[in-house]
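Peer 1: Turn this into a structure:
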Amino acid sequence: MKLTKHLLFLLLLSSMNVFAESMPSIFNANEAVVYRSPTCGCCKKWVDHLEDKGFKVQDNVTEDMNAIKDKYGVPRNLASCHTAIINGYVVEGHVPADDIIKMMAERPEISGISVPGMPVGTPGMEMGGKKDPFKVISFDEKNQYKIYNQYEGK
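Peer 2: As a prediction, this is how the structure comes out:
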């Protein structure tokens, strides 16, 4: 009888694990679904940055980035070269992983965050010690924008 209870318990744990793996937005908050152009090397470097910070990345290479940005509601003035979906949030461009982690911990009522353009010195856009100043901008469905974080240049 005890052996049967142990087997049932192990089966229950196993099924919970399978369920958890099928629900990445709830159980695996560090899973990132990235969409990027096949011709953009800096995007791959940003993917590497996320992986270095512990994110599990699903890397999707696509020719039609505008369709992805439209699908996820990325405002044109906040666009960059790649788009990610992380725990239900849109992450646009070369956003530092620490800002993504902070957003996931705080769970603000926004659609996502963006680093518009491709500022030198952002993750994936490293060029020696040079760093442009840049801002991480939050946005919501009503096209309201706020500075989420900002970085000084060097």
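
Peer 1: drop to CA atoms for contacts and neighbour counts, all remaining ones
Peer 2: OK.

Peer 1: secondary structure class for the nearest residue to residue 133 once chain neighbours are set aside?
Peer 2: The shortest distance from residue 133 to any non-neighbouring residue, by C-alpha to C-alpha, 6 or more residues apart in numbering, is to residue 153 (4.0 Å). Following DSSP: H, G, I helix; E, B strand; the rest coil, the label given to residue 153 is coil.

Peer 1: So which residues of the protein form helices?
Peer 2: Applying DSSP state H to the chain gives helices spanning 2-21, 24-27, 41-52, 65-71, 97-106.

Peer 1: quick one, what contacts the nearest residue to residue 99 once chain neighbours are set aside?
Peer 2: Excluding the flanking residues, the one nearest residue 99 by C-alpha to C-alpha, 6+ apart is residue 149, at 7.6 Å. For residue 149, the set of contacting residues under the criterion of C-alpha atoms under 8 Å, 6 or more residues apart in numbering consists of 99, 135, 136, 137.

Peer 1: Take those and keep only those in strands.
Peer 2: 135, 136, 137 (DSSP state E).

Peer 1: what's the closest of those to residue 55?
Peer 2: residue 136 (19.2 Å; C-alpha to C-alpha).

Peer 1: how much space is there between that closest one and residue 108?
Peer 2: 14 Å (C-alpha to C-alpha, to the nearest Å).

Peer 1: So what's the residue count around residue 44?
Peer 2: Using other C-alpha atoms under 10 Å, the number of residues around residue 44 comes to 19.

Peer 1: Just confirm residue 93 contacts residue 118, I think it does.
Peer 2: Yes - the pair formed by residue 93 and residue 118 meets the contact definition of C-alpha atoms under 8 Å, at 7.2 Å.
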